[in-house]
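Asker: With the sequence up front, the predicted model follows.
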Amino acid sequence: MLLDFDRLGPWKWVLITITTLVCLFLLLPIVFIAALSFGSSQWLIFPPPGWTTRWYGELFADPRWLQSAFTSLKIAAIVTVLSVGIGFLAALSLNRGSFAGREVLRALFLTPMILPVVVLAVALYAFFLRIGLNGTTLGFIIAHLLIALPFSIISIGSALEGFDKSIEDAAILCGASPWEARLRVTVPAISHGLFGAAVFSFLASWDEVVLAIFMASPTLQTLPVKIWATLRQDLTPVIAAASTLLILFTMLLMIIAALVRRGSKQGTKP
Amino acid sequence: MAMTATAAPGERIARRRHAAFVWALPALVLILLFFVTPVLGLLLRSVTEPTLGLQNYAELIGTGTYARIFANTFLVAGVVTALSVVIGYPVAWALAVLPRPWGQLVFAIIILSMWTNLLARTYAWMVLLQRTGVINKTLMGLGVIDQPLALVNNLVGVTIGMTYIMLPFVILPLVGVLRAIDPAILRAGALCGANSWQCFTRILLPLSLPGIAAGALMVFVMALGYYVTPALLGGTANMMLAEMVAQFVQSLVNWGMGGAAAFVLLVVTLALYAVQLRFFGAGRIG
Amino acid sequence: MTSAFIEIRDIKKQYGPITAVKDVTLDIRKGEFMTFLGPSGSGKSTTLYMLAGFEYPTAGDIRLNGRTLLDTPSHKRNIGMVFQRYTLFPHLTVGENVAFPLRIRRLPKADVERKVREALRLVRLEGFEDRKPALMSGGQQQRVALARALVYDPPVLLMDEPLSALDKKLREEIQFEIRRIHQETGVTILYVTHDQEEALRLSDRIAVFSQGKIDQIGSGQTLYAEPATRFVAGFIGDSNFIDTDVVSVEGSHATLALPGGRTVSGVPLHSAGPGKTAALLLRPERIDLKVGEAGAADALSGTIRDITFLGNNTDVLVDIPAGKQLSVRLPFGHPMLDGLRPALPVALSFNPATVHAFQG
């Protein structure tokens, strides 16, 4: 009936129409921006009077864009490694430990994810001003690690939930020390969770704006900070070019993630 | 190794439990040092600067300008939540029943929009919604309006941009809720004589209500504390709460007021999450 | 006593206020197939896990070859184990799974290959080296797990209900394989199960666990013919228990008053105490049944309530005095079967020396 596509009756066309419109609404800015980045109009007239790659040229000619992209990449990479590493240990502890206060600890670890980022940004900004971490790479890494970590803990935690600890016990009786068993058996078996944690951590840092605005200095900017600062001045098509590249990058990540998921499914499903 | 057989086992078990806790230490130190300490520090400043007392909170509540910001924030969050649910529900329903390739396509579009850089999306809306932008031009070309509408630098722009961002957060959890409903229940309803509309209002909608409520609450909380989109699409005249916090600290360097505003935001957020946990359990978050 | 291969001495396991295992003492000979049999929560798995080193006894000692195991962490105990659930490493092939313990022990490549081949031949899975575990049936997976547990020639193999996830036919097939492998390798096996048939089929000796302690240790025949406790009597084989009054006790034997008023004497009495009643164990196949009223030599009189044909056997349910019922088993083709029908009066008798009474 209502949950049976072929027997929806009049609902069918209502649903299809709304869904199509919503999909167009969701795609509109993405397609629009990609088109504008190749449009020749400085004033972002649409449809563009002509086509050009001038804005991409300007983007790559400005060393500050490349510099900020590189900074973003560096910070995101370090955050990813730390987030997966610390997140793995924390998730293992929450999954295996039977110590008191485990649930409190879990809630504490996930709080940075639900708190409005601006609160954390202002608080960290004040704290970093005191201890001299503002405008430093380390400051950026710490700030981004705080919001990346909950994603790692959730992703790795749910992978550990689905992993039978007896398999680790079997490896231990085979002669592997507990850490050897974890690294050689548990880690490969939960690799999809670790991969998910890495992707989410990377994106959490790479796309992060609010903390970055507060952490940035004139000499140390991430890509989102550079876009933000430029946006506040004018809506130049160079931003469209940068945004288009970011969208392509996101699609690339999505495709890789989908391929990895398919690969891991083939390995485990009978 | 030289432990006596009677003392050893107990010690070992204690050490094992201890070991599991030790693994959480790096994360715990990080959170305590760089999350709990700074947030508490900020809250402390809200009651100590410029002098000890609650004068910052009194000013926040007593001043008309700030009252309008609170009103704006709750209004926008409320409208965005309502729009997201009304638009998102049919999409979630469609996703729950659509045949595989089409469902996957819609899913991919939702995920793509969700994963696209926030600033890129907001920038697109700034351009689309401006006076000379595509939307105004199209509407004028169609003869719907003869003066361009003010769609940006006001709460209309903020609402459109935020609804765009929040839609996936309503749709994705709702799909799960709708898929979990056994279609046989609806067939049973039809056999009991309910027509299509009655099946919807008396069976499907009530069954999906917990999912709607959970999604709506989550979107409302996220919208309350949102910074980027209101700052870029709302303009300076239509500030929201998160922007106010940032303004106090960045432009006015008033840590006392900044801390107080942040604390209000924090309390409202945590209170609403507590409601969420109480009524819908931890599973529905995120 | 000290010549035992594995000695379990007074081990106890306490979880807060709950005692999971209390004072279990047990000797296991080298090459023996010993089964821990009992219902869930009886402490049999906990005892096995203490041998594996995943649980530590609150008190007591476990010795292998005269040396305590308790100071050795699990991974250095050199013990093989097959678990209840499938525990093959999902990311490794069958060959790599079996090679895992050898690689951990850093054996030369050639030895690894040879031993993996031998182990897979032992479980009859030659040629499966490159298969991924997910593509195999449950029975095959448990055979690979068996190969992995035996490939490093451990002196002891622990098996924790390894067949409980398999269906009956497959289970019997692999039970046969396990017996064959035990005979071929001579490894000492400790096997945990709650299935009495499995225990009887596989074991040299069975330790029956109940409420954290061992009720009785012995061969299947001993447990069946000479149960030491009422629990063992009820757990192994089918049984009828009837409530009787103890008339008198003569040493280890007793005279009991049966429902209906007749008495039997010379019944072996267990756990003799002050109680005035005893539960009399009557195996269904050891009761003699006769059509007609009870004579002087018969113990009980009754009426047939129901007759159930079960293939090999036919179960006859008989109403006896005091509202009780007894099940009597007759083999297929028994000459008396044709004459039986419900509501027929019958007389029941048994040899007092072959039954047991458990004083309450």
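Answerer: Alright, I've got the coordinates. Residues are numbered from 1 along each chain as shown, chains lettered A, B, ... in the order given.

Asker: Need the pLDDT of C:Thr2.
Answerer: Note on C:Thr2: pLDDT of 50.

Asker: can you pull out the helices in the chain?
Answerer: No chain was given, so I picked chain A. A:10-37, A:54-61, A:63-96, A:102-114, A:117-131, A:137-161, A:165-173, A:178-181, A:187-189, A:191-206, A:210-215, A:223-233, A:237-268 (DSSP state H).

Asker: Correction: the question concerned chain C.
Answerer: For chain C, applying DSSP H gives helices covering C:44-52, C:94-104, C:109-122, C:138-150, C:168-185, C:196-202, C:220-225, C:230-235.

Asker: quick one: which of those helices is nearest chain B?
Answerer: Taking Cβ to the nearest Cβ, helix C:44-52 is the member of the helices of chain C nearest to chain B, at 9.1 Å. C-beta here means a position set from N, CA and C on the backbone, and glycine is covered the same way.

Asker: Distance from that closest one to the middle of the chain?
Answerer: 16 Å (Cα atoms, centre = their mean, to the nearest Å).

Asker: likewise stretch B:250-270?
Answerer: Computed by Cα atoms, centre = their mean, the chain-centroid distance of stretch B:250-270 equals 19 Å.

Asker: Which one of the residues in the stretch 151-270 of chain A is closest to chain B?
Answerer: For the stretch 151-270 of chain A, the residue closest to chain B is A:Ser243, as judged by Cβ to the nearest Cβ, at 3.4 Å.

Asker: and the residue lying closest to that residue once chain neighbours are set aside, what helix or strand is that in?
Answerer: Among residues not flanking A:Ser243 along the chain, B:Ala120 sits closest, at 3.4 Å (Cβ to Cβ, 6 or more residues apart in numbering or on different chains). Secondary structure from DSSP states H and E places B:Ala120 in helix B:118-129.

Asker: and that helix with helix A:223-233, angle?
Answerer: 20 degrees (axes from the mean of the first three to the mean of the last three Cα atoms, to 10 degrees).

Asker: what helices or strands is helix B:118-129 leaning on?
Answerer: Helices and strands touching helix B:118-129, by 3 or more Cβ pairs under 8 Å, 6 or more residues apart in numbering or on different chains; DSSP states H and E, are helix A:10-37, helix A:223-233, helix A:237-268, helix B:134-141, helix B:155-179, helix B:228-234.

Asker: ok, the closest residue to C:Thr303 other than its chain neighbours - contacts?
Answerer: Nearest residue to C:Thr303 in three dimensions, chain neighbours excluded: C:Asp319, at 4.9 Å (Cβ to Cβ, 6+ apart). By Cβ atoms under 8 Å, 6 or more residues apart in numbering or on different chains, C:Asp319 lies in contact with C:302-305, C:325.

Asker: Same check on C:His270?
Answerer: Per Cβ under 8 Å, 6+ apart, neighbours of C:His270: C:227-230, C:356-359.

Asker: Highest neighbour count among those residues?
Answerer: Within the contacts of C:His270, neighbour counts (other Cβ atoms under 10 Å in any protein chain shown) peak at C:Ala357, which reaches 26 neighbours.

Asker: mind saving the C-alpha coords of stretch B:144-164 as CSV?
Answerer: The C-alpha trace of stretch B:144-164 is given here as CSV (Å, rounded to 0.1, in the frame of the first residue of the first chain):
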residue,chain,number,x,y,z
VAL,B,144,5.5,37.2,-11.7
ILE,B,145,7.1,40.3,-10.2
ASP,B,146,8.2,43.6,-11.7
GLN,B,147,10.6,44.7,-9.0
PRO,B,148,13.4,42.5,-7.8
LEU,B,149,12.7,40.9,-4.5
ALA,B,150,15.0,41.4,-1.5
LEU,B,151,16.1,37.8,-1.0
VAL,B,152,19.5,38.2,0.6
ASN,B,153,20.8,40.2,3.5
ASN,B,154,17.6,39.4,5.3
LEU,B,155,16.0,36.6,7.2
VAL,B,156,14.4,35.2,4.0
GLY,B,157,17.8,34.5,2.6
VAL,B,158,19.0,33.0,5.8
THR,B,159,15.9,30.7,5.9
ILE,B,160,16.4,29.5,2.3
GLY,B,161,20.1,28.8,2.8
MET,B,162,19.6,27.1,6.1
THR,B,163,16.7,24.9,4.9
TYR,B,164,19.0,23.8,2.1
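
Asker: While we're on residue 75, how confident is the model there?
Answerer: Here I'm looking at chain A. pLDDT at A:Ile75 comes out at 97.

Asker: Wait, chain C was what I had in mind.
Answerer: Confidence score, pLDDT, at C:His75: 92.

Asker: Wait, it touches A:Gly175, no?
Answerer: Yes: taking contacts as Cβ atoms under 8 Å, C:His75 lies within contact range of A:Gly175: 5.4 Å.

Asker: out of those two, which sits in the busier spot?
Answerer: Between C:His75 and A:Gly175, counting by other Cβ under 10 Å, A:Gly175 is the more crowded of the two (22 against 19).

Asker: next one: phi and psi at the more buried one?
Answerer: With angles defined as degrees, to the nearest 10, A:Gly175 sits at phi 120, psi 0.

Asker: Test my guess that it contacts C:Asn78.
Answerer: Yes: counting by Cβ under 8 Å, A:Gly175 touches C:Asn78, with 7.3 Å between them.
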